[in-house]
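*Asks:* build me a structure from this.
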Amino acid sequence: MAEILTPFLAAFILAYILRPVCTWLGRHRVPHPIAALISMVTGLTILFLILVLFGTLLKQEIPMIRAQAPHWIQDIQAWLEPKLVQFHIQLDWVGLKTSATEKVAQHLNDNADALVSSTFDTVLMSGSSIVTAFVNSVLILFVMFYLLLDWHHFFQLLKKMIPVRAQATVQQLAMQADALLSQYLRGMFIVIAIMATYYGCGLSLVGLNGAIPLGVFTALMIVIPYIGIALGFSLAVLTTLLQFGIDIHMIGVLAVYGGGQMIEGFFLTPRLVGERIGLHPVAVLFALLFFGQLFGFFGVLLALPISAVTLVLVKFAWQRYQQSTWYQQ
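*Replies:* I've put the predicted structure just below:
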């Protein structure tokens, strides 16, 4: 069921995100089909740039790992050799270093493209084959285009399917959910823009190679609570180890990410996002696990907005329950 629903859910979410662009173009007298097409191209371009950014980071890390492998072996030798001597154990460090370096270099050369490709497949492809992924992609684009083209007609049709006595209530709930999601998206966009600037500038001051792509990537990963910042931080630490080793630069990276977490966690997200959603941290973790298991990677991305809509329904149900005679008796 999840494999069937995921393309339609992804198309609906993407159409919802791109709807303001389509509406803005329509206000400027752009024909609706062309406005829908431009909106789709804009969204796909942004998605492509994000994937290129991620691929650039992987391509940057692999040569650095290959270059640093001999130095790692030297450090291990300096630390381990005195301890082995105590037990009268001798190793051919020169041969070990040469063999390990050659094997690491050969493995990375043989698998660099495969690593990037497999990572993209894991993130983007929910199907088990290339054919399934292609069909899902075409289906998402097709559904997304027609949703953008006939957004209002689509919801008018849904409204007609609802009993007349419930239409006012459902419309009110839909408007509340729409307002909540709009505030969430605007808040996340502002947070990502601010944090991308912060991380990019901070890592540049530390002197990291690829500081701007790494900073932008970390900021984009904020949309995945807890997991995203951990991934960005891990990449930054790995880059620092490969470029400088363990020295003062590592303290700089820790300071940048520590400060970023304080700014984003205690100021930006609570004010721009958290107050609009009102979810407890435990509820956030549950939503990530639940929707991630149900819809995979897209489920993790959509856990918070879906939970926000669910919260609107729960609050409505709770109000009705409190107003019921069964509760008041």
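*Asks:* and the nearest residue in space to L37 that is not next to it in sequence, how many neighbours does it have?
*Replies:* Closest residue to L37 apart from its sequence neighbours, by CB to CB, 6 or more residues apart in numbering: F145 at 7.2 Å. Any C-beta I mention is one placed from the backbone N, CA and C, and that applies to glycine too. Applying other CB atoms under 10 Å, we find 17 residues neighbouring F145.
*Asks:* again, but for the one 10 residues further on
*Replies:* The criterion is other CB under 10 Å. On that basis, F155 has 13 neighbouring residues.
*Asks:* P7 too?
*Replies:* 22.
*Asks:* start the count at 699, not 1, going forward
*Replies:* Got it, the first residue is 699 from now on, which makes the last one we talked about P705.
*Asks:* give the buried residues for the helix or strand where it lies.
*Replies:* In the assignment (DSSP states H and E), P705 maps to helix 700-725. Under the neighbour-count criterion of 16 or more other CB atoms under 10 Å, helix 700-725 has 704-705, 707-717, 719-720, 723 buried.
*Asks:* looking at the strand or helix carrying L999 now, give me its mean pLDDT.
*Replies:* With secondary structure defined by DSSP H and E, L999 is part of helix 995-1021. The pLDDT scores in helix 995-1021 average 80.
*Asks:* next one: stretch 834-851
*Replies:* 86.
*Asks:* contacts for it next, please.
*Replies:* Residues from elsewhere that reach stretch 834-851 (CB atoms under 8 Å, 6 or more residues apart in numbering): 704-706, 708-710, 712-713, 716-717, 720, 730-731, 733-735, 737-738, 823-825, 852.
*Asks:* which elements pack onto the helix holding P705?
*Replies:* Contacts defined by 3 or more CB pairs under 8 Å, 6 or more residues apart in numbering; DSSP states H and E place helix 700-725 against helix 730-784, helix 828-847, helix 849-859, helix 979-993, helix 995-1021.
*Asks:* and it with helix 849-859, angle?
*Replies:* What separates the directions of helix 700-725 and helix 849-859 is an angle of 120 degrees, with axes from the mean of the first three to the mean of the last three CA atoms, to 10 degrees.
*Asks:* average model confidence for helix 700-725?
*Replies:* Computed over helix 700-725, the mean pLDDT rounds to 82.
*Asks:* got the angle for that helix vs helix 979-993?
*Replies:* With the same axes, to 10 degrees applied, the angle from helix 700-725 to helix 979-993 works out at 110 degrees.
*Asks:* helix 700-725 versus helix 828-847: what angle between them?
*Replies:* Angle, helix 700-725 to helix 828-847, by the same axes, to 10 degrees: 40 degrees.
*Asks:* taking helix 995-1021 as reference, get the angle to helix 700-725.
*Replies:* Using the same axes, to 10 degrees: helix 700-725 against helix 995-1021 is 80 degrees.
*Asks:* low-confidence ranges, this protein, go.
*Replies:* Low-confidence segments of the chain, defined by pLDDT under 70: 699-700, 756, 758-779, 781-828, 972-979, 995-996.
*Asks:* cutoff 90 now
*Replies:* Of all residues in the chain, those with pLDDT under 90 make up the ranges 699-731, 733-734, 738, 740-742, 744-890, 905-930, 932-948, 959-1027.
*Asks:* give me the nearest residue to the one residue sitting closest to the centre of it, chain neighbours excluded.
*Replies:* With distances taken as CA atoms, centre = their mean, M919 lies nearest the centre of the chain, 4.3 Å away. Distances taken as CB to CB, 6+ apart put G926 closest to M919, at 3.0 Å, once the chain neighbours are dropped.
*Asks:* that'll do, ta.
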